[in-house]
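Visitor: Predicted model follows, preceded by the sequence.
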Amino acid sequence: MPAITIFETPQITIWYHPDTKIIHHQMHQYTHGKDFREALMVGMEAMKRYRACKWLSDDRKNPVFTPEDEQWGTEVWQPLVIKAGWKYWAVVEPTHLLASVRLEKLAEKYRALGVTVKFFDDPDEAMKWLEKR
């Protein structure tokens, strides 16, 4: 069954893959504020609705998270997505070095909450890894 587009803006698209129960986002350009937060909430709601536990983040084109978005993610989104059942996170790393470093620190927080996190350069490899989980 093909992926279902569940959110789309010029900045970000989110799909749900029904056969593998994977939530998958791709950032097309710098994404922050309202678009970033709305996208993550839609993905989290899909995770709950479809009982998915895997998320592929294709963040190659997002240079950095704002401190406000990072704080919102920790305080608001994180408890909700963990409660929704998130277990596996495949991250296609941003090309911007600072963004990669900050994302690795964020990944450590999620690892401490029980999410298995793995970083990739290639979205196809990230998807293959998640499909095996």
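Guide: Nice, I can see it. Numbering: from 1, shown residues only.

Visitor: just the helices in the chain please.
Guide: 33-50, 67-72, 78-83, 97-112, 123-131 (DSSP state H).

Visitor: Can you list the helices and strands that the longest one packs against?
Guide: Using 3 or more CB pairs under 8 Å, 6 or more residues apart in numbering; DSSP states H and E as the contact test, the elements touching helix 33-50 are strand 4-8, strand 12-17, strand 22-27, helix 67-72, helix 78-83. Yep, even glycine has a C-beta here, placed from its N, CA and C like the rest.

Visitor: Mind doing that once more with 6 Å?
Guide: If you count contacts as 3 or more CB pairs under 6 Å, 6 or more residues apart in numbering; DSSP states H and E, helix 33-50 packs onto strand 4-8, strand 12-17, strand 22-27.

Visitor: how about the residue most central in space within the chain, what does it touch?
Guide: Centroid-nearest residue in the chain, with CA atoms, centre = their mean: residue 57, separated by 3.8 Å. By CB atoms under 6 Å, 6 or more residues apart in numbering, residue 57 lies in contact with 25, 91.

Visitor: Quick one: find the helix or strand in this structure with the lowest mean pLDDT.
Guide: The least trusted helix or strand in the chain, going by mean pLDDT, DSSP states H and E, turns out to be helix 97-112, with a mean of 86.

Visitor: Show me how far that one is from its chain's centre.
Guide: Here the centre of helix 97-112 is set off from its chain's centre by 12 Å, with CA atoms, centre = their mean, to the nearest Å.

Visitor: returning to that earlier point: now, of the helices and strands packed on helix 33-50, which is deepest in the fold?
Guide: For the helices and strands packed on helix 33-50, average neighbour numbers computed from mean count of other CB atoms under 10 Å are highest in strand 22-27, which has a mean of 22.

Visitor: now the angle from that strand to strand 4-8?
Guide: Counting by axes from the mean of the first three to the mean of the last three CA atoms, to 10 degrees, strand 22-27 lies at 40 degrees to strand 4-8.

Visitor: and strand 22-27, which strands flank it?
Guide: Note on strand 22-27: by DSSP bridges, its sheet partners are strand 12-17 (antiparallel), strand 54-58 (parallel).
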